[in-house]
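Visitor: here's a sequence, model it:
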Amino acid sequence: MSRIFYRVHPSDCPPFHATNAWSALWGSTRSKDGSQTQCGACDGTGDYYGEPCTNCDDGWIDCVPGYSCCDTAQELIDYFTERSEPTADDAVIVFEGRQVDTGFDGEPTAVPHRIVETLTWNDFVNRYQGANA
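Guide: Residues are numbered from 1 along each chain as shown. Alright, predicted model coming up:
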């Protein structure tokens, strides 16, 4: 079942598309295709102080399928208000998609079917702040 989701898409991620729909911890180093992130415990080496890393097999951790997103515009605004605001190069994407999993923060992860609109963070906040979207 398709529904509308709201996402900040970092400028350093692979292009927003169903084939690139993976969720990683914010700020982590991603593999070229975006499906894995570098293990923070062993810095991507697979070795943790001379022992095999217990968090990964080879220095990389699989991402969660689907893009991390929010069910409402206000949830997205609240999430980033509690953290740091996206950069001017990051896009806010409102999209229609299907939830496929749950992300690291308990948020829905979804595969997009159609982009409804793409906005800057400031334009998004100005349009949706306080709205019941």
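Visitor: for the rest of this, base every contact and every neighbour count on C-alpha atoms.
Guide: Will do.
Visitor: avg pLDDT for stretch 121-132?
Guide: Throughout stretch 121-132, pLDDT has a mean value of 84.
Visitor: residue contacts, the closest residue to P86 other than its chain neighbours?
Guide: Spatial nearest neighbour of P86, excluding adjacent residues (CA to CA, 6 or more residues apart in numbering): W121 at 6.7 Å. With contact taken as CA atoms under 8 Å, 6 or more residues apart in numbering, W121 is in contact with 85-88, 90-92.
Visitor: can I get those residues in a markdown table including distance to D105 and secondary structure?
Guide: What follows is the contacts of W121, written out as a markdown table (distance: CA to CA, whole Å; DSSP: H, G, I helix; E, B strand; the rest coil):
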| residue | distance to D105 | secondary structure |
| --- | --- | --- |
| E85 | 17 | coil |
| P86 | 17 | coil |
| T87 | 21 | coil |
| A88 | 24 | coil |
| D90 | 20 | coil |
| A91 | 20 | strand |
| V92 | 19 | strand |
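Visitor: ok, so of the residues you listed, who is nearest D101?
Guide: Proximity of the contacts of W121 to D101 (CA to CA) peaks at V92, which lies at 20.4 Å.
Visitor: correct me if wrong: that closest one contacts F5.
Guide: No: using CA atoms under 8 Å, V92 makes no contact with F5, being 10.5 Å away.
Visitor: give me the more crowded residue out of these two.
Guide: Higher neighbour count among V92 and F5: F5, with 28 against 23, using other CA atoms under 10 Å.
Visitor: ok, the spatially most central residue of the chain to T87 distance?
Guide: Note on the chain: the residue nearest the mean C-alpha position is S68, at 3.9 Å, using CA atoms, centre = their mean. S68 is 17 Å from T87, where distance means CA to CA, to the nearest Å.
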